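Trainee: Any chance you can model this:
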Amino acid sequence: MALSINIQDLIKKEFQAGLPFMDGREKGSLVTEMEVHITDFGFLKEEETGEQYVAFNLKEDDNHFYFGGNIITEKMKTISNLLNDKQLEELQREGLKVIFIKRSSKNKRDYMDMEVQ
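Mentor: You can find the predicted model right below:
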């Protein structure tokens with residue numbers, strides 16, 4: 001006898017890692033040099049290292065969620081700390097206008113940066 005669909009879904013949901021706004025979306029790859037709007041965002045914690053990194057949605061893409069590297073994570077933490085709850089709600093409604101830019105460090109390592117427009 002198979003488990004009912006409700007029990008199966010409940011267990012499956014419990015073991016999915018992520019934030020609620022990521023549900024029903026696949027991981028996307030950031031497009032550079034194009035203006036987009038970040039709406040929902042939150043921070044996930046890497047269990048092994050304890051490091052946090054940002055996950056977010058874009059107003060222009062209903063099918064994907066995105067992860068940010070160290071630079072984008074730090075910038076989103078700063079934004080999160082600057083805004084009160086009402087301002088964060090407005091950001092979610094309107095979207096934070098940004099452009100993602102691929103850059104190279106002095107050591108010739110590529111990384112993704114984010115400029116607020």
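
Trainee: Check what pLDDT residue 11 gets.
Mentor: For residue 11, the pLDDT comes out at 58.

Trainee: Distance from the longest helix anywhere in the chain to the middle of the chain?
Mentor: Assignment by DSSP state H gives helix 70-82 as the longest helix of the chain. Distance of helix 70-82 from its chain centroid, counting by Cα atoms, centre = their mean, to the nearest Å, is 11 Å.

Trainee: Using PDB, write out every CA atom in it.
Mentor: C-alpha atoms of helix 70-82 as PDB (Å, rounded to 0.1, in the frame of the first residue of the first chain):
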ATOM      1  CA  ASN A  70      29.900  36.900  -1.500                       C
ATOM      2  CA  ILE A  71      29.700  40.400  -2.900                       C
ATOM      3  CA  ILE A  72      26.000  40.300  -3.700                       C
ATOM      4  CA  THR A  73      25.300  38.700  -0.300                       C
ATOM      5  CA  GLU A  74      27.100  41.400   1.600                       C
ATOM      6  CA  LYS A  75      25.300  44.200  -0.400                       C
ATOM      7  CA  MET A  76      21.900  42.600   0.200                       C
ATOM      8  CA  LYS A  77      22.700  42.200   4.000                       C
ATOM      9  CA  THR A  78      23.500  46.000   4.000                       C
ATOM     10  CA  ILE A  79      20.300  46.800   2.200                       C
ATOM     11  CA  SER A  80      18.300  44.500   4.600                       C
ATOM     12  CA  ASN A  81      19.900  46.300   7.600                       C
ATOM     13  CA  LEU A  82      19.200  49.800   6.200                       C
END
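
Trainee: which outside residues touch it?
Mentor: 38, 41, 43, 52-54, 56, 68, 88, 91, 96, 100, 111-114, 116 (Cβ atoms under 8 Å, 6 or more residues apart in numbering). All C-beta atoms are positioned from the backbone trio N, CA, C, and that covers glycine.

Trainee: out of the residues you listed, which are buried?
Mentor: 38, 41, 43, 53-54, 56, 68, 91, 96, 100, 112-114 (16 or more other Cβ atoms under 10 Å).

Trainee: before we move on, back to that, next secondary structure after the longest helix of the chain?
Mentor: helix 85-94 (DSSP states H and E).
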